[in-house]
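Enquirer: sequence first, then the predicted structure, then my questions.
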Amino acid sequence: MDRFLPTHLGRLDSRVQRLDPRTRLILVLGFVIVVVSTPPTRLAAFVAYAGLLSWATAGAGVPVTSVLWRSAAVLPFSVLAASWLPFMHGAPAVELWGGAVRLSVSGLWLFAGVVMKSLLGAGAAVLLALTTPLPQLAAALRKLGAPVILVDTLTLTYRYLFVLVEEAGRLRRAAAARGYRPRWLGQALLIGRLVGQLFLRSYERAERVHGAMVQRGYRGFMPTAHELAWGVSDVVALAVVLPTLAAVRTWLR
Amino acid sequence: MTSAVPVAPAGVRIRELSFHYPDRTRALDRVTLSIAPGEAVCLAGPNGAGKSTLLLILAGLLRGEGSVTIDGIEPAVNRQLGLVFQDPDDQLFCSTVEEDVAFGPLNQRLPAAEVARRVGESLAAAGLAGYERRSAHHLSGGEKKRAAIAAVLACHPTVLALDEPWANLDARGARAVTTIVREFAGTRIVTSQDLVRAADVCDRLVILDRGVVVADGPMHTMLEDAALLDAHGLEPGRHCRCCRHRPQ
């Protein structure tokens, strides 16, 4: 769990990490919007986006492989979601196995576009997560006007994800210690019971956590001590990167 | 290890307090108890005796029938009493230790400098200076417990209530918690089955059984009453044999 969701990676004094978290967030959002809105046939633009992301990754002192393998986690989902596209469009088409399978060219481009966009978008999000500790990210979201309930839910989910995973592990070990081996379909019923048990325990914990929050004066939102301040480097980063992205989107084909 | 957190101790008065859970299970039955300002009291008793319920009522998180006052004020959600829960994971809900400790002072709308001062002071009192940026899930059990206590101390409570503070701790962690509780200058209420450790902190023992106060007296006198302890599911431990020789 910790390996997949580290607190942060990279150098804490890198140029990227010195940027205000709001700047990082805006840059990532801008990047994702530009990438998603680029037509899939503009391969040169996608190569430029990948280059820009690699440059930012290197600038943050984060190993490119760390970003790559975490981003690859979205591939099964995007491939599955887009797998129907090559079959749904008309001519021109590519025929495989003597005409047994017909794949439309425009559908294949759309499929490639979905895969490229999801990979690049996930890469940017992963880089943001690896360079921005969650308290900073939450503070940036709050300052940028994201709904309080959403930000608080995000921070609480992150905090208790580890507790839930440990709880699930304990339940699984308790079942295994009494001979549970999930080999037959019939035994899968127990998984339902374990999930139910996990839900009940989580519900009870949520009540206790809420009690602890109320006891320390919770008034419906999580207060933060993080003071954020824009600097010259933030203005420069926004003024350079966003127009560059727009230029790539407009002119590179 | 510790530095004192400034406190003006408060007295606690409980009169004819009863509490029933929604399924009509009786948790407390006409409990009457007075705790003097600065006193350290151990609430002991078997499982299901109503100890934790009593603490939740004192913290203003549950409401019972009867009267409860802390320094003459009825606890709504009491800011005077700081409750440390049995499981520190219930209490450490922020991403970092610093955020958790700052949560109470920030909710009290204190200025940023005062919040930072209280965070530093409470972490130092809990022996956790330098842990500000650590995530709660990366702490050991003992560290989590101390961080939970620091989070409560930062609110400057006049009464510190701890629910089973030594449960699931190793000897070193338990000793650290004992030191923090002992050094707290305010009123202390501790629920525990571990009478040996409780005797290091508390001067008075109140035994609850099935929601009723069955005994109340000086800790060391009551620890010698093996029959009483045994009747209410308690064990005196090694302390009882040696307490006569304890330096007073």
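Expert: Yes, it's here.
Enquirer: how long is stretch A:26-44 from one end to the other?
Expert: 24 Å (Cα to Cα, to the nearest Å).
Enquirer: list the buried residues for it?
Expert: Neighbour-count burial for stretch A:26-44 flags A:26-28, A:30-32, A:34-35, A:38, A:40, A:42 (criterion: 16 or more other Cβ atoms under 10 Å in any protein chain shown). Yep, even glycine has a C-beta here, placed from its N, CA and C like the rest.
Enquirer: those: which two are farthest apart?
Expert: Comparing all pairs in the buried residues of stretch A:26-44 by Cβ to Cβ, the longest separation belongs to A:26 and A:40, at 25.2 Å.
Enquirer: run a quick neighbour tally on the closest residue to residue A:230 other than its chain neighbours.
Expert: With Cβ to Cβ, 6 or more residues apart in numbering or on different chains as the criterion, residue A:230 has its nearest non-adjacent residue at 5.6 Å, and that residue is residue A:20. The tally of other residues near residue A:20 (other Cβ atoms under 10 Å in any protein chain shown) stands at 20.
Enquirer: isn't residue B:105 up against residue B:116?
Expert: No - Residue B:105 is beyond contact range of residue B:116, at 9.0 Å (criterion: Cβ atoms under 8 Å).
Enquirer: of those two, who's got more company?
Expert: The neighbour count for residue B:105 versus residue B:116, taken as other Cβ under 10 Å, is higher for residue B:105 (26 against 16).
Enquirer: so how far is chain A from the more buried one?
Expert: Going from residue B:105 to chain A by Cβ to the nearest Cβ, to the nearest Å gives 9 Å.
Enquirer: one more: residue B:161?
Expert: Distance from residue B:161 to chain A, by Cβ to the nearest Cβ: 10 Å.
Enquirer: just checking, that residue is part of a strand?
Expert: Yes - assessed with DSSP: H, G, I helix; E, B strand; the rest coil, residue B:161 lies in a strand.
Enquirer: quick check, it in contact with residue B:54.
Expert: No - contact criterion Cβ under 8 Å: residue B:161 and residue B:54 do not qualify, at 9.1 Å.
Enquirer: higher neighbour count, these two?
Expert: Neighbours of residue B:161 and residue B:54, each counted by other Cβ under 10 Å, are more numerous for residue B:54; the result is 30 against 27.
Enquirer: before we move on, back to that, so how far is residue A:160 from the residue nearest to residue A:230?
Expert: Residue A:20 sits 28 Å away from residue A:160, going by Cβ to Cβ, to the nearest Å.
Enquirer: the helices in chain B, which residues?
Expert: For chain B, helices defined by DSSP state H occupy the ranges B:51-58, B:88-91, B:97-107, B:112-125, B:141-153, B:171-183, B:195-201, B:219-223, B:226-231, B:239-242.
Enquirer: which other helices and strands contact the helix or strand bottoming out on mean pLDDT in chain A?
Expert: Lowest on mean pLDDT, DSSP states H and E among the helices and strands of chain A sits strand A:93-96, with a mean of 76. Here strand A:93-96 touches strand A:101-104, helix A:105-131, going by 3 or more Cβ pairs under 8 Å, 6 or more residues apart in numbering or on different chains; DSSP states H and E.
Enquirer: buried ones in the longest one?
Expert: This points to helix A:105-131. By neighbour count with 16+ other Cβ under 10 Å, helix A:105-131 contains the buried residues A:106-131.
Enquirer: do stretch B:121-141 as well
Expert: Neighbour-count burial for stretch B:121-141 [16+ other Cβ under 10 Å]: B:121-128, B:131-132, B:134-137, B:139.
Enquirer: what parts of chain B come near chain A?
Expert: B:56, B:59-61, B:77-79, B:82-83, B:85, B:87, B:89-96, B:98-99, B:102-104, B:106-108, B:112, B:115-116, B:119, B:135-138, B:151-152, B:155 (Cβ under 8 Å from any Cβ of the partner chain).
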